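>>> have a look; sequence and predicted model below, questions after that.
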Amino acid sequence: ETAPQHAITLTDNALSHLRKLQKEAGSDSLLLRVGVKQGGCSGMSYVMDFETDANIKEDDYIVEYDGGFRLACDPKSLLYLFGMSLDYSDALIGGGFNFSNPNAE
């Protein structure tokens with residue numbers, strides 16, 4: 001009994017917090033854009049933000065999760081993010097979103 005493999009995995013905690021943020025942003029039709037940009041200690045930093053379907057580009061990789069939550073990633077970022085897992089913790093210290101990326105180690 002294995003879960004379907006996504007290029008980018010969202011834990012249950014991450015998914016439920018993202019749904020909450022999505023509602024606060026005003027629409028459950030928004031999708032989450034994740035990517036990497038130059039910067040940060042390893043030369044790359046993660047970026048994520050909600051956006052509308054109008055911003056989806058033809059070559060974007062779209063992942064749909066349980067309940068219809070969607071994530072978009074550009075092909076260049078996907079090379080770095082493939083196999084990544086996104087988790088969320090509400091701990092006071094060290095809480096927030098945590099990117100676990102086997103490609104960055």
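Sure thing, it's come through. Numbering: from 1, shown residues only.
>>> once you drop chain neighbours, what's closest to the residue most central in space within the chain?
Most central in the chain under C-alpha atoms, centre = their mean is residue 34, positioned 4.8 Å from the mean C-alpha point. Spatial nearest neighbour of residue 34, chain neighbours left out: residue 48 (4.6 Å); criterion: C-beta to C-beta, 6 or more residues apart in numbering. All C-beta spots, glycine's among them, are computed from the backbone N, C-alpha and C.
>>> so which elements touch the helix or strand hosting the one you found?
Assigned by DSSP states H and E, residue 48 falls within strand 44-51. On a contact count with 3 or more C-beta pairs under 8 Å, 6 or more residues apart in numbering; DSSP states H and E, strand 44-51 meets strand 31-38.
>>> how does it look with 10 Å?
helix 12-24, strand 31-38, strand 70-73, helix 75-81, strand 84-89, strand 96-100 (3 or more C-beta pairs under 10 Å, 6 or more residues apart in numbering; DSSP states H and E).
>>> tell me how far it lies from the chain's centre.
8 Å (C-alpha atoms, centre = their mean, to the nearest Å).
>>> equivalent analysis for stretch 49-64, please.
Counting by C-alpha atoms, centre = their mean, stretch 49-64 comes out at 12 Å from the chain centroid.
>>> also stretch 29-45?
9 Å.
>>> look up the closest residue to residue 56, ignoring the ones flanking it.
residue 72 (5.8 Å).
>>> was I right about the one you found contacting residue 47?
No. Checked against C-beta atoms under 10 Å, the pair residue 72 and residue 47 is beyond contact range at 12.0 Å.
>>> comparing these two, which residue is more hemmed in?
Using other C-beta atoms under 10 Å as the criterion, residue 72 and residue 47 rank with residue 72 on top: 19 against 12.
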